[in-house]
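Asks: 3D, please:
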Amino acid sequence: MRALVALSVLLAAGVPVAAQAQAPASEPSSAAEPVVNSSLTAPLFYQILLGEIQLRSGDPGAGYSLMLDAARRQRDASLYQRAVEMALQARSGEAALMAARDWSAAMPADMEARRYHLQILLALNRVAESGPVLRELIHASAVADRDDVINAIPPAYARVPNKEQALAVVREALRDSLQDPARAAAAWTTLGRLELGLEQLDQALQSASRAQHARPDSPLPAMLALELLEKGRTAAESLVRGYLSRPVTDAPRRSAVALTYARILLDLQRTSDARGLLDELTRNDPELAEPWLLLATLQVQENALPAATTSLQTFMALARQSDDERSVRGMTQAFLLMAQIAEKQGDFAAAGAWLDRIENAEDVMAAQLRRASLLARQGQLEQARALLRQQPERRLDDARLKLLAEAQLLRDLKQYQAAYEVFGEAVTRFPEQTDLLYDQAMMAEKAGKTDEMERLLRQLIAAQPDHHHAYNALGYSLADRNVRLDEAKALIEKAVELAPTDAYIQDSLGWVEFRLGNTRRALDILQAAYRSRPDAEIAAHLGEVHWVLGEREQALRIWREGLLLANDNETLQETLQRFRVTP
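Replies: Prediction:
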């Protein structure tokens with residue numbers, strides 16, 4: 001059937017068949033090749049040709065009918081595929097489905113036919129009909145490929161509107177795979193990902209656990225557990241640790257799990273745990289670039305500047321040898337960190353030289369913000385602000401980003417009134433960006449404008465009633481000032497309802513309970529929040545509750561931990577000064 005395939009390809013590409021026929025003959029080969037006779041008869045040739053002509057003449061329906069008839073008579077996969085493509089080009093999903101269904105029926109061993117059949121069913125939102133096709137696709141695939149087919153299910157069903165129906169259909173299609181020890185890990189992980197998409201976090205965690213029980217050395221359950229950990233399901237961490245504690249069977253995948261875990265730990269501000277993982281990764285897999293960059297970020301935070309410089313030099317050497325997009329993008333972060341190190345060492349010229357190496361237009365704003373910081377550190381605040389204001393606006397969003405960069409610079413310098421005014425300018429210029437109201441409100445509070453902060457947050461809540469950060473910020477501000485505590489609690493409870501796993505909102509709830517005199521309840525809430533997300537501000541509140549309860553040693557321990565997390569946290573420093581404590 002090679003002639004059929006060649007003809008279809010030539011016609012689809014717009015190459016005249018006559019031109020092919022008139023092409024000069026090649027030199028005769030020394031050894032005659034065996035002749036393979038094609039089943040392309042003259043009537044079939046003209047039928048295919050006419051189908052392509054009809055398509056190009058603006059009658060794709062007629063072209064499709066001719067092509068599908070030819071495919072049925074010849075039982076040829078390339079002609080079936082061409083018929084599907086014609087139907088899709090004509091925006092006729094039902095016709096494409098008919099061709100794909102016929103193709104699957106005529107050639108049950110053709111995996112491509114089944115894939116087309118499934119994809120078209122999902123595109124037409126015929127989810128209920130997709131189950132048998134999916135089950136047949138799994139069973140017909142080669143044994144070595146079945147895990148890959150199962151792992152591809154969640155993205156295939158990602159755009160289905162009815163996620164509950166998709167989960168039910170996939171669960172039924174995977175019934176046999178769930179009972180197959182060789183397939184169970186992939187099958188349970190796939191169900192877990194679909195449950196995660198439905199925010200059924202407890203069910204997803206149970207599926208991840210079953211997947212790991214079926215195959216402890218598989219990285220799939222651990223990757224699902226990492227996503228659950230990001231969603232606040234702390235119990236998922238034991239699955240990640242369980243996988244990482246096993247003997248190494250697949251070093252690249254284990255490194256990928258460990259690296260993702262390290263990123264999440266950094267996001268959770270569990271720097272000591274992240275540091276241990278990164279030390280292990282750089283020791284066991286020193287050719288992997290990204291761990292060196294993350295390790296350098298921690299070392300800069302710890303002010304271990306010589307070690308950070310070494311880590312960054314290692315990262316840059318590896319990144320230059322790699323075409324991995326993450327490593328290439330990481331070069332900008334490396335240059336920024338090298339500039340920050342030079343700035344900390346007082347070498348402003350070297351810091352500027354590192355910033356000069358940033359060429360990616362998308363990263364220029366970050367570089368200019370660092371340049372502005374250098375100027376401000378040298379007492380040239382107005383020049384720093386002018387540098388940001390003069391930055392060219394290459395994209396539609398650059399004007400907003402410039403204002404945000406200027407406000408961030410002023411906030412870092414504790415110029416809260418000026419930062420409040422810049423955010424006000426951003427709100428005026430971009431009124432549709434309601435989150436800017438939140439930023440302006442936070443600066444209003446820092447500038448001592450509590451009434452203005454409250455007005456802005458209530459304006460934000462009116463515009464976006466599900467903005468949990470606004471409810472939390474307003475409630476926390478009232479509780480922290482020890483005023484209107486019943487209202488503060490109601491606002492924070494609304495934030496909890498909208499974001500029940502947010503540790504910072506739980507911190508606010510514990511703090512308002514403490515202000516209300518419910519000290520033991522406050523302790524329970526704050527302990528849970530601190531376990532979920534070790535943070536200097538939560539440590540300040542938790543330590544104070546321990547102190548008031550007379551548990552001085554516990555308070556000192558928590559405050560010391562908070563200082564290790566962020567020794568410049570304003571809430572923690574104010575708490576220590578108020579109690580005249582040096583942990």
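
Asks: only C-alpha atoms for contact and neighbour calcs from this point on.
Replies: Fine.

Asks: top helix in the protein by residue count?
Replies: With secondary structure taken from DSSP state H, the chain has its longest helix at helix 325-344.

Asks: pLDDT wise, what is the closest residue to Ala384 other than its chain neighbours at?
Replies: In this structure, Ala384 finds its nearest non-sequential neighbour in Ala372, 4.3 Å apart by CA to CA, 6 or more residues apart in numbering. Looking at Ala372, its pLDDT is 84.

Asks: OK, contacts around Ala372?
Replies: Residues near Ala372 by CA atoms under 8 Å, 6 or more residues apart in numbering: Leu381, Gln383, Ala384, Arg385, Leu387, Leu388, Leu409.

Asks: just the buried members of those residues?
Replies: Burial by neighbour count, judged by 16 or more other CA atoms under 10 Å, picks out Leu381, Ala384, Arg385, Leu387, Leu388, Leu409 from the contacts of Ala372.

Asks: now do Ser39, the pLDDT please.
Replies: 62.

Asks: sketch out the low-pLDDT regions of the stretch 201-350 of the chain for me.
Replies: Low-confidence segments of the stretch 201-350 of the chain (pLDDT under 70): 328.

Asks: got the buried ones among the contacts of Ala372 as JSON lines, with secondary structure and pLDDT columns?
Replies: Formatted as JSON lines, the buried ones among the contacts of Ala372 follow (DSSP: H, G, I helix; E, B strand; the rest coil; pLDDT from 0 to 100):
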{"residue": "Leu381", "secondary structure": "helix", "pLDDT": "88"}
{"residue": "Ala384", "secondary structure": "helix", "pLDDT": "85"}
{"residue": "Arg385", "secondary structure": "helix", "pLDDT": "89"}
{"residue": "Leu387", "secondary structure": "helix", "pLDDT": "82"}
{"residue": "Leu388", "secondary structure": "helix", "pLDDT": "83"}
{"residue": "Leu409", "secondary structure": "helix", "pLDDT": "89"}
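
Asks: which neighbouring elements make contact with the helix or strand following the longest helix of the chain?
Replies: The helix or strand immediately downstream of helix 325-344 is helix 348-356, counting by DSSP states H and E. On a contact count with 3 or more CA pairs under 8 Å, 6 or more residues apart in numbering; DSSP states H and E, helix 348-356 meets helix 325-344, helix 364-377.

Asks: so which of the ones you listed gets nearest Leu97?
Replies: Closest approach to Leu97 among the helices and strands packed on helix 348-356 (CA to CA): helix 325-344, 37.4 Å.

Asks: give me the contacts around the helix or strand where Leu228 lies.
Replies: Assigned by DSSP H and E, Leu228 falls within helix 219-230. Here helix 219-230 makes contact (CA under 8 Å, 6+ apart) with 185-186, 189, 192-193, 196, 201, 204-205, 208-209, 211-212, 234-237, 239-240, 243, 253-254, 257, 260-261, 264.

Asks: same thing but at 6 Å, please
Replies: The set of residues external to helix 219-230 that reach it, using CA atoms under 6 Å, 6 or more residues apart in numbering, is Thr189, Ala208, Ala211, Gln212, Ala236, Leu239, Val240.

Asks: count of residues packed around the nearest residue in space to the fifth one that is not next to it in sequence?
Replies: The spatially closest residue to Ala236, leaving aside those adjacent along the chain, is Ala225, at 5.0 Å (CA to CA, 6+ apart). Applying the criterion other CA atoms under 10 Å, we find 32 residues in the vicinity of Ala225.

Asks: quick check: closest non-adjacent residue to Ala441.
Replies: Met453 (4.4 Å).

Asks: which strands and helices sit next to the helix or strand the one you found falls within?
Replies: For Met453, the enclosing helix or strand under DSSP H and E is helix 450-463. The elements that helix 450-463 packs onto, with contact taken as 3 or more CA pairs under 6 Å, 6 or more residues apart in numbering; DSSP states H and E, are helix 435-446.

Asks: separation between the residue most central in space within the chain and Ala158?
Replies: By CA atoms, centre = their mean, the chain has its centre lying nearest to Glu227, at 9.4 Å. From Glu227 across to Ala158, the span is 16 Å (CA to CA, to the nearest Å).

Asks: Ala490 now?
Replies: Applying CA to CA to Ala490 and Ala158 gives a distance of 37 Å.

Asks: same thing with Leu410?
Replies: If you go by CA to CA, the gap between Leu410 and Ala158 works out to 42 Å.

Asks: same check on Arg115?
Replies: For Arg115 relative to Ala158 (CA to CA), the value is 16 Å.

Asks: do Leu229 as well
Replies: Taking CA to CA, one finds Leu229 at 21 Å from Ala158.

Asks: who has more neighbours, those two?
Replies: Higher neighbour count among Leu229 and Ala158: Leu229, with 23 against 14, using other CA under 10 Å.

Asks: ok, for Ala488, nearest residue in space, not its chain neighbours?
Replies: Gly475 (4.1 Å).

Asks: how many other residues sit next to the one you found?
Replies: 29.

Asks: any buried residues in the one helix or strand it maps to, and which?
Replies: Using DSSP H and E, Gly475 maps to helix 468-480. Judged by neighbour count (16+ other CA under 10 Å), helix 468-480 contains these buried residues: His468, His469, Ala470, Tyr471, Asn472, Ala473, Leu474, Gly475, Tyr476, Ser477, Leu478, Ala479.

Asks: what helices or strands is that helix leaning on?
Replies: helix 485-498.

Asks: could you check the angle the helix or strand hosting Thr190 makes with helix 219-230?
Replies: Thr190 belongs to helix 184-197 when elements are defined using DSSP H and E. With axes from the mean of the first three to the mean of the last three CA atoms, to 10 degrees defining the directions, helix 184-197 sits at 20 degrees from helix 219-230.
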